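Engineer: whatever this is, show me its structure:
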Amino acid sequence: MTTSFAASISAIKAALPANLQCPRAAIICGSGLSGIVDVLRDVVLVPYQDIPGFSTSTVPGHKSALAFGFLGSHEGVPVVAMLGRFHPYEGHSLSSVVYPVRIMAKLGVKHIIITNAAGSLNPSIPVGTIVVIQDHLAIPNLAGMNPLLGPQTSPDLPRFLPLSDAYSTTLRRLVFLAAHHLQLEDSALAEGTYAWVSGPTYETPAEGRFLRRVGADVVGMSTVPEVLAAREEGLEVMVLSLVTNFVVIPDTYRSIREEVAAELSGKKLELPPAQTVSHEEVLAIGREKAGVLMKLVESVINSL
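Structural biologist: Numbering: from 1, shown residues only. The predicted structure follows:
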C-alpha cells in the first residue's frame with residue numbers, strides 16, 4: 001500500500017506545476033455536480049487512468065479526473081476537485097472507494113468538502129434544498145461494510161475512530177455565513193442527518209419509512225466511506241447534500257384486494273399514478289442547482 005501511495009503521488013505531481021502540487025482543500029463532486037471545474041483558475045486535469053491505484057467511475061454524471069486549480073478571490077486557494085467518485089455498488093472495493101481521499105490527504109489537503117445528490121426522507125426538506133449534514137446513519141457500517149475494516153494503512157492512524165465530531169462545526173458555520181453573504185433565502189439550506197445505503201436500488205417505501213423513523217433526513221449511496229477515511233487521516237470534513245427527489249413513502253398502500261373486489265362488482269376506480277425515482281431526475285436537479293452549491297463551496301474555501 002505504501003508503494004501504491006508513493007506511485008500515485010509521484011504520477012500526480014509529475015503532471016502539475018509546482019504551485020498546484022500541495023492543495024489545501026479538496027472537493028468531491030456528486031452526481032451532476034462536477035461544474036466546479038468551470039470556476040477553478042489555471043486548471044490542470046489529471047485523468048484517473050494516469051494515476052496508479054485509482055479506479056474509474058462508471059456512473060452517468062460522474063467524470064474520471066482530478067481537477068487542480070485555484071479557487072477564491074485574489075491569488076486564490078490551491079484546491080483539488082474529484083470529478084467522479086467511486087461506489088461499492090459499481091464493484092469497487094471499499095479501499096478503492098476511499099483511496100483518493102487518502103492520496104489527497106498525503107498531498108497536503110487539510111479540509112474536504114464532499115457533495116452528493118440525495119433523496120429527502122423529511123417532508124419539511126423539499127427538492128432543491130441544500131442540506132448541511134450534521135450526522136450520519138450508516139447501516140452498511142453497522143453490518144460489517146466499513147472502509148476501515150482490516151489492516152491499517154499506517155500505524156500512526158487511530159484504530160478506533162470516534163465519529164461524534166465527524167462533521168466540522170467550523171466549516172458548517174462558514175457555509176451558513178456564506179449563505180448570508182450570498183443573500184440566499186433561509187429555506188435554501190437546512191441541517192440534517194444523512195443515511196448511507198449501499199445502492200444501487202432506490203429505497204422501497206418500507207425502507208424509506210424505516211430510515212425516516214430512525215432519524216434520517218436524507219438518504220444516498222455514497223459519502224460516508226469518504227468521511228470515515230478523511231477523519232481517519234485527520235481532515236476537517238463538511239458534507240453538502242443536494243436534495244434531488246423525495247423518497248417515495250406513501251401514507252398507505254394500494255389494496256389490490258379492494259381493487260379486484262370493486263372490479264368484480266362492476267365499480268369504476270380511479271387508480272393512483274405510479275411513483276418512481278429516476279437517475280435522470282437526479283441529474284436534472286443537480287444541473288439546476290449546481291450553481292448555488294458551487295458558490296457556497298467557493299465562498300467557504302475563500303474563507304479558509
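Engineer: below-threshold pLDDT in the stretch 1-150 of the chain: ranges please.
Structural biologist: Residue ranges of the stretch 1-150 of the chain with pLDDT under 70: 1-3, 31-33, 60-62.
Engineer: and the most centrally placed residue in the chain, helix, strand or coil?
Structural biologist: Centroid-nearest residue in the chain: Asn116, 3.1 Å away (criterion: CA atoms, centre = their mean). Here Asn116 is strand, with the state taken from DSSP: H, G, I helix; E, B strand; the rest coil.
Engineer: any idea how far Ser10 is from it?
Structural biologist: Going from Asn116 to Ser10 by CB to CB, to the nearest Å gives 30 Å. C-beta coordinates here come from the backbone N, C-alpha and C atoms, glycine included.
Engineer: same thing with Met221?
Structural biologist: The value you get for Met221 to Ser10, if CB to CB is used, is 32 Å.
Engineer: which one of these two has more residues nearby?
Structural biologist: Taking neighbours as other CB atoms under 10 Å, Met221 and Ser10 compare with Met221 leading, 22 against 11.
Engineer: I'd like to know how far the nearest residue to that one once chain neighbours are set aside sits from Pro205.
Structural biologist: Distances taken as CB to CB, 6 or more residues apart in numbering place Gly199 nearest to Met221, at 3.2 Å, with adjacent residues excluded. According to CB to CB, Gly199 and Pro205 sit 17 Å apart.
Engineer: contact partners of the helix or strand Glu258 falls within?
Structural biologist: Here Glu258 sits within helix 256-264, counting by DSSP states H and E. Helix 256-264 is contacted by residues 269, 271 when judged by CB atoms under 8 Å, 6 or more residues apart in numbering.
Engineer: need the helices for the stretch 101-250 of the chain, in chain order.
Structural biologist: When secondary structure is read from DSSP state H, counting those that start in this stretch, the stretch 101-250 of the chain shows helices at 139-142, 169-181, 205-213, 224-232.
Engineer: most tightly surrounded among those helices?
Structural biologist: With neighbours taken as mean count of other CB atoms under 10 Å, the helices of the stretch 101-250 of the chain reach their highest mean count in helix 224-232, at a mean of 25.
Engineer: is it true that Val197 touches Asn141?
Structural biologist: No. In this structure, Val197 is not within contact of Asn141 by CB atoms under 8 Å, at 11.0 Å.
Engineer: what touches both of those two?
Structural biologist: Joint contacts of Val197 and Asn141 (CB under 8 Å, 6+ apart) do not exist.
Engineer: for Glu270, phi and psi?
Structural biologist: Dihedral pair for Glu270: phi -90, psi 110, per degrees, to the nearest 10.
Engineer: tell me the confidence at it?
Structural biologist: If you check Glu270, the pLDDT there is 79.
Engineer: ok, now the one 3 residues further on?
Structural biologist: Predicted confidence (pLDDT) at Pro273: the value is 74.
Engineer: and it, which of the three is it?
Structural biologist: When classified by three-state DSSP, Pro273 comes out as coil.
Engineer: tell me the SS of Gln81?
Structural biologist: Rather than Gln, residue 81 is Ala. Following three-state DSSP, the label given to Ala81 is strand.
Engineer: and for it, the neighbour number?
Structural biologist: Using other CB under 10 Å, the number of residues around Ala81 comes to 29.
Engineer: what's opposite it in the beta bridge?
Structural biologist: Ile27, Ala67 (DSSP bridges).
Engineer: quick check: it touching Leu40?
Structural biologist: Yes. A contact is recorded between Ala81 and Leu40 when judged using CB under 8 Å, the distance being 6.9 Å.
Engineer: any common contacting residues for those two?
Structural biologist: Counting by CB under 8 Å, 6+ apart, the residues touching both Ala81 and Leu40 are 67-69.
Engineer: tell me the one of the residues you listed nearest Glu233?
Structural biologist: Top of the list for closeness to Glu233, among the shared contacts of Ala81 and Leu40 and by CB to CB, is Phe68 at 18.8 Å.
Engineer: need the contact list for Arg24.
Structural biologist: For Arg24, counting by CB under 8 Å, 6+ apart, the contacting residues are 77-79, 108-111, 304.
Engineer: quick one: residues contacting Leu20.
Structural biologist: Shown in contact with Leu20 (CB under 8 Å, 6+ apart): 42, 44, 68-70, 78.
Engineer: Ile12: which element?
Structural biologist: Following DSSP H and E, one finds Ile12 within helix 2-14.
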